[in-house]
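In: Sequence plus predicted model, see below.
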Amino acid sequence: MIKVVVDTNVFISSFFGGNPRKIIDHWKSGEVTLCLSKPIIDEYIEVLRRLKLQNEKEIDELLGLFAHGFNVVFTAKTPELHIVEKDPDDNMFIECAVALKAKFVISGDKALKEIQDYMTIKIVSPREFLIKFTELKR
């Protein structure tokens, strides 16, 4: 099972289809393990509320899925890293990946993608992840 951290922009984009939706579908089908931390969940919820993409009931259901969900790992503690200089808030995705030994951070964020690799973690776009995922399944 491949552990991944999904950046907020990819998670939100998954509601509209395309490659981000395919990634979430791989998670829901049990092919991918979603790695989460409190700051990541907080950001997901804050953006969903701000964009009014989900009502409160749907957000509560999503939280329930994360809390009791299939193929989710959660870390309460992450290392404090200063890797993403252009957007320090994005460090939380790499911190979560390090804490949970994720193989990928999936992001459309330019500041994150410029890093490309951190330790053994690959920082890739949704498209790049799906290509690598297909190769790994062979």
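Out: Good, I have the coordinates. For clarity, every value in this text was computed on a predicted model and none was experimentally measured.

In: ok, and the helix or strand in this protein with the lowest average confidence?
Out: Ranked by mean pLDDT, DSSP states H and E, the weakest helix or strand in the chain is helix 56-68, scoring a mean of 69.

In: From one end of stretch 22-36 to the other, what's the distance?
Out: The first and final residues of stretch 22-36 sit 18 Å from each other (Cα to Cα, to the nearest Å).

In: List of residues touching that stretch?
Out: When contacts are defined by Cβ atoms under 8 Å, 6 or more residues apart in numbering, stretch 22-36 is touched by residues 1-6, 10-11, 14, 66, 69-75, 96-97, 100, 102, 106, 126, 129-130, 133, 137. (Each C-beta comes from the backbone N, C-alpha and C, glycine too.)

In: now swap in stretch 11-20 and tell me
Out: So stretch 11-20 is contacted by 10, 21, 23-24, 44, 47-48, 51, 53, 108, 125-127, 129-130 (Cβ under 8 Å, 6+ apart).

In: Buried among the residues you listed? Make that a PyMOL selection.
Out: Here is the PyMOL command that selects only those of the contacts of stretch 11-20 that count as buried (16 or more other Cβ atoms under 10 Å):
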select buried, resi 10+23+24+44+48+108+125+126+129+130
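
In: Sort the contacts of stretch 11-20 by pLDDT and name the bottom one.
Out: When the contacts of stretch 11-20 are compared by pLDDT, L53 scores lowest at 60.

In: Buried among the contacts of stretch 22-36? Need that as a selection in PyMOL.
Out: Selection of buried members from the contacts of stretch 22-36 for PyMOL, criterion 16+ other Cβ under 10 Å:
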select buried, resi 2+3+4+5+6+10+11+14+66+69+73+74+75+96+97+100+102+106+126+129+130+133
